[in-house]
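>>> predicted model and sequence below, questions to follow.
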Amino acid sequence: MTSLTVSTTTNVPFFRPSINDAEIQEVVDTLRSGWLTTGPKVNQFEGQFAEAVGATHAVSLNSCTAALHLATEALGVQPGQGVLVPTITFAATAEVVRYHGAIPILVDCDPETLNLDLNDAARKLVQLRQGKLPQSIPKDTHVVGIIPVHVGGLMLDCDAVKALAAQAGLWIVEDAAHAFPSAWRRSAKEPWQNCGEGTADVSCFSFYANKTITTGEGGMAVTESDELASRIRMMSLHGLTHDAWSRYSRGGNWDYKIGAPGFKYNLTDIAAAIGIHQLARSIDMRNERESIARLYLEQLREVREIELPPDIPNRIHSWHLFPIKLKLERLTVDRNAFIEALKDEGISCSVHWRPLHLHPYYLERFGWSAEDLPVASTVWKRLISLPIFPGMHDAEMDHVMRTVKRLCAVFSR
């Protein structure tokens, strides 16, 4: 048996933001400009982001959660209605449904990609009508929408999502928190379609600190609909008919009217100043992530105790995450112990995610059980997301790969 000797020569964070002098200087310029909140830098960032994804409208917000909330609000979600939501996702995807008093109808995941299983989504609609979902979900619940998540930045088949939505009469709000810049195509003969380029009624992106581009905190809603964009923009700043930039800038109107009781979700110029330069480097940073992913895939492919993430054709993967799956039947330890061993070696990891139906709120409020979502209930116990980020040093990558190999040898059955 291989010896488990702790090495402290290299510590590898789960993520380290890539911030250059250009971002810093833009923030300094913003601070000196006298305009700190939503203003010209936000306007510039929105325009450039819309162009980058090929969208007609982009509305910047202070988080992806805000984008999801306002997208569902603009689409008119009502209390008691149902929305299809993957159980393998972060809290925000389902909690925005609950903000409206609506019901998340949880959907199982594909065992390989971890993305929402569209077959199970269709099955859940049938089970709902048959009264076979948890008793707290009335069988006459009217399901109005679906919120797919592109886990780790690997896009779903957007045609298949649209086909299900069209058949069931659903709107689509894309949780694209991981998926910039990402793209998909039907086949090698077809053109690429960016995430957000008409792939949903509204696509919602995250610029949180560890995302593929960052503004510290921030998000963006993009859409082809003039009506949805106008509603999201109005509701992002207290439901006012004019934002602060148009009211206080030269030529603006001091007067405003409240169109609806809105929210305080606007992005600041300080944040947008970072985003402008992150956006300019986004392709280079994605390419760097992909280079790391390719190295991991090559160097770890012979390790019999793990399953690597899929690298499926006709996708441009953002590689926000690099999730491996432990083959527990070939190991003497569980996932939690494996993570602790990685931590002892100075490697920070994460798990994406504990399924929603295994959290106390969704278990107790709606009565979901492991049997309702069997794939997610099993696969999450095997998941570990390894560090992957632009600017990762060769020594850090080498330490991750060597350590994973060695721990698999140590814990092999």
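Done, it's in.
>>> just for the chain, where's the confidence low?
1-9, 242-254 (pLDDT under 70).
>>> how about residue 173, phi and psi?
Main-chain torsions, residue 173, degrees, to the nearest 10: phi -120, psi 120.
>>> wait, residue 75 touches residue 145, no?
Yes. Between residue 75 and residue 145 there is a contact under C-beta atoms under 8 Å: 6.6 Å. To be clear about C-beta, it is placed using only N, CA and C from the backbone, and glycine gets the same treatment.
>>> need the residues touching each of these two.
Taking C-beta atoms under 8 Å, 6 or more residues apart in numbering as the criterion, residue 75 and residue 145 both touch 171, 173.
>>> more crowded one of these two?
residue 145 (25 against 20; other C-beta atoms under 10 Å).
>>> dump the residue contacts of the more buried one.
By C-beta under 8 Å, 6+ apart, the neighbours of residue 145 are 72, 75, 77, 83, 84, 170, 171, 172, 173.
>>> swap in residue 14?
If you count contacts by C-beta under 8 Å, 6+ apart, then residue 14 has 210, 348, 349, 350, 385, 387 around it.
>>> again, only using 7 Å
With contact set as C-beta atoms under 7 Å, 6 or more residues apart in numbering, residue 14 has these partners: 348, 349, 350, 387.
>>> now the first one: closest residue in space that isn't a chain neighbour?
When you say that, I think you mean residue 348. Closest residue to residue 348 apart from its sequence neighbours, by C-beta to C-beta, 6 or more residues apart in numbering: residue 14 at 4.0 Å.
>>> any idea how far residue 113 is from that neighbour?
Note on residue 14: its distance to residue 113, by C-beta to C-beta, to the nearest Å, is 21 Å.
>>> just residue 50 next, same as before
On the measure of C-beta to C-beta, residue 50 and residue 113 end up 28 Å apart.
>>> and residue 343, that one's in a strand?
No. Under DSSP: H, G, I helix; E, B strand; the rest coil, residue 343 falls outside any strand and is assigned helix.
>>> number of nearby residues for it?
Quick note: residue 343 (other C-beta under 10 Å) scores 11 neighbours.
>>> can you tell me the closest non-neighbouring residue to it?
residue 349 is the one closest to residue 343 (C-beta to C-beta, 6+ apart), at 7.5 Å.
>>> ok, that neighbour - contacts?
14, 339, 342, 384, 385, 386.
>>> now which of these would you call buried?
Buried residues within those, counting neighbours by 16 or more other C-beta atoms under 10 Å: 339, 342, 384, 385, 386.
>>> among the residues you listed, which ones are in helices?
339, 342 (DSSP state H).
>>> so how far is stretch 378-398 off the chain centroid?
Chain-centre distance of stretch 378-398: 17 Å, with C-alpha atoms, centre = their mean, to the nearest Å.
>>> all strands of this protein, in order?
57-61, 82-86, 103-107, 143-146, 171-175, 183-184, 193-194, 202-206, 219-223, 306-307, 315-316, 322-326, 383-386 (DSSP state E).
>>> from residue 300, how far out is the residue nearest in space to the middle of the chain?
The residue lying closest to the centre of the chain (C-alpha atoms, centre = their mean) is residue 177, at 2.7 Å. Separation of residue 177 from residue 300 (C-beta to C-beta) stands at 26 Å.
>>> do you know how far the closest residue to residue 359 other than its chain neighbours is from residue 225?
Leaving aside its chain neighbours, residue 359 sits nearest to residue 91 (7.9 Å; criterion: C-beta to C-beta, 6+ apart). To residue 225, residue 91 is 27 Å away according to C-beta to C-beta.
>>> now swap in residue 23 and tell me
32 Å.
>>> the two: which is more packed in?
Counted by other C-beta under 10 Å, residue 23 and residue 225 do not tie: residue 23 has more neighbours, with 21 against 15.
>>> residues in contact with that one?
So residue 23 contacts 274, 277, 278 (C-beta under 7 Å, 6+ apart).
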